[in-house]
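Provide a 3D model corresponding to the input given below.
(one chain, ligands or ions: 2)
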Amino acid sequence: MTVARIGIYGLGTMGSALALNMAEHGIDVAISNREVPRINAFMDASGDLSKRLHPHETLAGFVAGLEVPRLVLFMIPSGDAMDEMITRIAPLLDHGDMIIDAGNADFHATRRRAADLARQKLHFVGMGVSGGEQGARHGPSMMVGGSDHSWQQLAPVLSSIAARFRGDPCVALLGPDGAGHFVKTVHNGIEYADMQLIAELHSLLRYGMAWTPPEVADLFTVWNDGPLQSYLVGITANILRASDPDTGHPMIDVIKDSAGQKGTGRWTVIEALCLGQSATMIEAAVAARSWSSEKDTRQTAETVLGGARLGVSLSAETLADAFLAARILAHAQGFRLLSEASDHYDWQLDLARIAEIWRAGCIIRSALLDDIAAAFHDTPKHGELILAPVIAERLGHAIPALRETVAAAVHAGHAVPALSAALAWYDSMRQGFGTANIIQAQRDVFGRHGFQRLGQSGVHHGPWWD
Ligand SMILES: NC(=O)C1=CN([C@@H]2O[C@H](COP(=O)(O)OP(=O)(O)OC[C@H]3O[C@@H](n4cnc5c(N)ncnc54)[C@H](OP(=O)(O)O)[C@@H]3O)[C@@H](O)[C@H]2O)C=CC1
Ligand SMILES: O=C(CO)[C@H](O)[C@H](O)COP(=O)(O)O
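Ligands and ions are numbered 1, 2, ... in the order given. The predicted structure follows:
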């Protein structure tokens, strides 16, 4: 029996693609799955690569088929399924073996699992994998959380299967325990915001300016050849060119406008709030998905409240600049959250390196990320991307277009929650003196909470009760 370098448990969309990727790179992989027929079907479909794939129907056989120390990678849903599999496999492993959770997991659970398994002298790695099925198959971006020791063992395998940007593998050890899963969560939060921005721009073009799907596709194709280049813009252009084989209508027009969500966007927002932060663009994107699922209510409200959306007149150049400004701001919100979490959990995240490993393989890969990586290399104040000179200059150029776009949309009754949140955050952050003096006075009046006075130390109260 061949002893495999690594084991992959979970042969769904992502696990099977990762196994094939490893096999293609000459790595012997032990494979297993909860439902056995899936193992057989996978082997049948894997062609020549099957010689590197070693199937096991039982967990004991799967473990016995691995080189020691063992590397066992799970690609299954997070939560109870992962806890259950850890409980089942841990007694079969030896001290020094490693469990890798490569799914999308809540980083709090990852921290707990890492601590539990350390007590059993097992290594645990929480690894975010991005790129969807094609990324996993041909080169994902991978965000690793774990010890230096685990990284030494995993790096050769992961570097060989990762996406590459100018030769640099898009994989890195980002910090201990939950760091990798947290970074993946924020990646997905930015993904939510970027997807929502594209949806809002599509809506303005279609319903505000009466463009057809192929016309919007052509514009997105042009955008995809410049500063707005990104995987998500590219796939959206392709989506908009597709026709429904049943009706002949544009495919986009027969898809129900109710978005799914599996949790990573919501986790990003929750963690931002827990850290005393905010990521309002990501929150807007999560909210928009939630509102989208209230289809019945929206259909009723369209009749009761009136759903007219008036025409807007915006140039393609204005929309492009608005998109660029908003995309920068979404990334800025994500990176400042990474910076805050890094301080709070003492992860010492390298923001420039994170931007670098997002330049290829992952869902949010874009031309902008190369500029962001450069900005973090040049900027001492980590986390505040909007203050990096090159980014501030680009924002200065593009913000008037974002303002014009949001104003036109609001005036004509188009909902643009992510674009609006971008502008509100930008305008809030550029005010040295904001609105919170009123809040502080109100809190003092009703609750004697006190406030700080400008230029004085200590806690003060106003003359309200005299
Ligand atoms: N799809 C994507 O684009 C991405 C997904 N991910 C993450 O990767 C992980 C897998 O996702 P994906 O491949 O899309 O999912 P799929 O639904 O395609 O596959 C799920 C896999 O998990 C197994 N599984 C489900 N429940 C259990 C359980 N209770 N115990 C043991 N095994 C179980 C399934 O086994 P069975 O065949 O027996 O049902 C199957 O192998 C998730 O954590 C997901 O969040 C990460 C990045 C991108
Ligand atoms: O991690 C991913 C992409 O990076 C997965 O596709 C994830 O499922 C996306 O999130 P959601 O299903 O909530 O849209």
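
CA atoms for contacts and neighbours, from now on please.
OK.

Please enumerate residues in contact with stretch 114-122?
Stretch 114-122 has contacts (Cα atoms under 8 Å, 6 or more residues apart in numbering) with 94, 95, 96, 97, 98, 99, 123, 124, 125, 177.

May I see the buried residues of it?
Buried residues in stretch 114-122, counted by 16 or more other Cα atoms under 10 Å: 114, 115, 117, 122.

now stretch 432-442
By 16+ other Cα under 10 Å, the buried positions in stretch 432-442 come out as 440, 441, 442.

if we can go back for a sec, helices - which of the buried residues of stretch 114-122 land there?
114, 115, 117 (DSSP state H).

Looking at those residues, which one is closest to ligand 1?
Using Cα to the nearest ligand atom, the shortest approach to ligand 1 within these belongs to residue 114, at 16.9 Å.

Can you name the residues that contact the residue in the stretch 101-250 of the chain that ligand 2 sits nearest to?
Residue nearest to ligand 2 within the stretch 101-250 of the chain (Cα to the nearest ligand atom): residue 130, separated by 4.9 Å. With contacts taken as Cα under 8 Å, 6+ apart, residue 130 has the following neighbours: 136, 140, 141, 142, 184, 361, 362, 363.

Residue 61 sits in which helix or strand?
Element membership of residue 61, judged by DSSP states H and E, is helix 59-64.

quick one: buried residues of that helix?
In helix 59-64, counting by 16+ other Cα under 10 Å, buried: 59, 62, 63, 64.

so which of those residues also contact ligand 2?
Filtering the buried residues of helix 59-64 for neighbours of ligand 2 using Cα under 6 Å from any ligand atom leaves an empty set.

circling back to that earlier point, could I get the buried residues of stretch 114-122 in CSV, plus columns for distance to residue 28 and pLDDT?
As requested, the buried residues of stretch 114-122 are exported to CSV (distance: Cα to Cα, whole Å; pLDDT from 0 to 100):
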residue, distance to residue 28, pLDDT
114, 26, 98
115, 30, 98
117, 26, 98
122, 22, 98
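
rewinding a little: kindly state the beta-bridge partners for the residue of the stretch 101-250 of the chain closest to ligand 2.
Taking DSSP bridges, one finds residue 141 as the beta-bridge partners of residue 130.

Check the contacts of stretch 114-122 against residue 405 and report the nearest one.
Taking Cα to Cα as the measure, residue 405 sits nearest to residue 177 out of these, at 42.3 Å.

Next one, pLDDT for the closest one please.
In the predicted model, residue 177 carries a pLDDT score of 96.

Please apply the same query to residue 381.
In the prediction, the pLDDT value recorded for residue 381 is 62.

same thing with residue 78?
In the predicted model, residue 78 carries a pLDDT score of 88.

what number of residues lie near it?
Applying other Cα atoms under 10 Å, we find 17 other residues in the vicinity of residue 78.

give me phi/psi at it?
In terms of degrees, to the nearest 10, the main-chain angles of residue 78 are phi -80, psi 180.

Quickly check: the helix or strand hosting residue 184 near ligand 2 or not.
When elements are assigned from DSSP H and E, residue 184 belongs to helix 179-203. Yes - between helix 179-203 and ligand 2, judged by Cα under 6 Å from any ligand atom, the touching residues are residue 188.

which outside residues touch stretch 357-367?
When contacts are defined by Cα under 8 Å, 6+ apart, stretch 357-367 is touched by residues 129-132, 135, 139-142, 162-165, 169-172, 187, 190-191, 194, 226-232, 369-370.
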